[in-house]
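> build the 3D model from these lines:
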Amino acid sequence: MTLENIYYIGQTIAVVALVGSLLFVGFQIRQNTKHARAQIQSARVDRLMAQMIGFSDADKCAAYIRGNGGEPTPEAVMDRQFYLQCLAQSGVMLDVFTQHRDGLLSDDQFNLVKETYRRWLQQPGFRKMMAEMDSYGQRAPRFAAFVQSLINDDDTTP
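Below you'll find the model as predicted:
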């Protein structure tokens with residue numbers, strides 16, 4: 001074996017190593033991007049939850065109702081509080097659905113949480129509220145199909 005052959009073998013090994021390391025870096029960048037998106041989504045849901053909890057105070061609900069021209073009766077305040085609770089629950093559902101879709105939650109974790117969501121959706125008020133949120137169907141059709149599969153007790157997850 002000549003020095004020239006050894007040189008070509010070394011060059012081939014170096015190129016293979018370079019391609020392998022570039023593939024690994026690409027994979028790492030993809031994983032980091034998914035993780036960053038999940039953190040942003042989670043922070044958004046955390047903010048939503050904090051707002052819904054804060055806004056569901058009876059005085060704040062009454063102020064909201066009055067500010068929009070309504071009469072803040074005890075029933076109207078309770079309706080507003082219920083709406084905010086449903087909104088918070090749907091935000092949590094969307095967050096978990098998105099994290100599973102993006103591969104950040106295992107199937108086992110997701111399946112356990114789905115059972116909780118099925119129970120939520122057995123409640124007539126929450127189920128009705130989710131059905132009335134048409135924007136999910138228009139803006140997030142896969143999430144809307146997921147919610148519908150839970151309502152139908154169908155185990156397919158889009």
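> low-confidence ranges, this structure, go.
Across the chain, the ranges flagged by pLDDT under 70 are 134-137, 155-158.
> can you pull out the helices in it?
Under the criterion DSSP state H, helices of the chain are mapped to 3-55, 58-67, 74-101, 107-122, 124-132, 134-139, 141-151.
> dump these to JSON lines, plus mean neighbour count.
Backbone N, C-alpha and C define where each C-beta goes, glycine included. What follows is the helices of the chain, written out as JSON lines (neighbours: other CB atoms under 10 Å):
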{"stretch": "helix 3-55", "mean neighbour count": "12"}
{"stretch": "helix 58-67", "mean neighbour count": "14"}
{"stretch": "helix 74-101", "mean neighbour count": "18"}
{"stretch": "helix 107-122", "mean neighbour count": "14"}
{"stretch": "helix 124-132", "mean neighbour count": "14"}
{"stretch": "helix 134-139", "mean neighbour count": "12"}
{"stretch": "helix 141-151", "mean neighbour count": "17"}
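> nearest the middle, which residue of the protein would you pick?
The residue lying closest to the centre of the chain (CA atoms, centre = their mean) is Asp95, at 1.8 Å.
> residues touching the closest residue in space to it that isn't next to it in sequence, list them.
With sequence-adjacent residues excluded and distances taken as CB to CB, 6 or more residues apart in numbering, Asp95 is closest to Val45, at 4.2 Å. Val45 is in contact with Gly91, Val92, Leu94, Asp95, counting by CB atoms under 8 Å, 6 or more residues apart in numbering.
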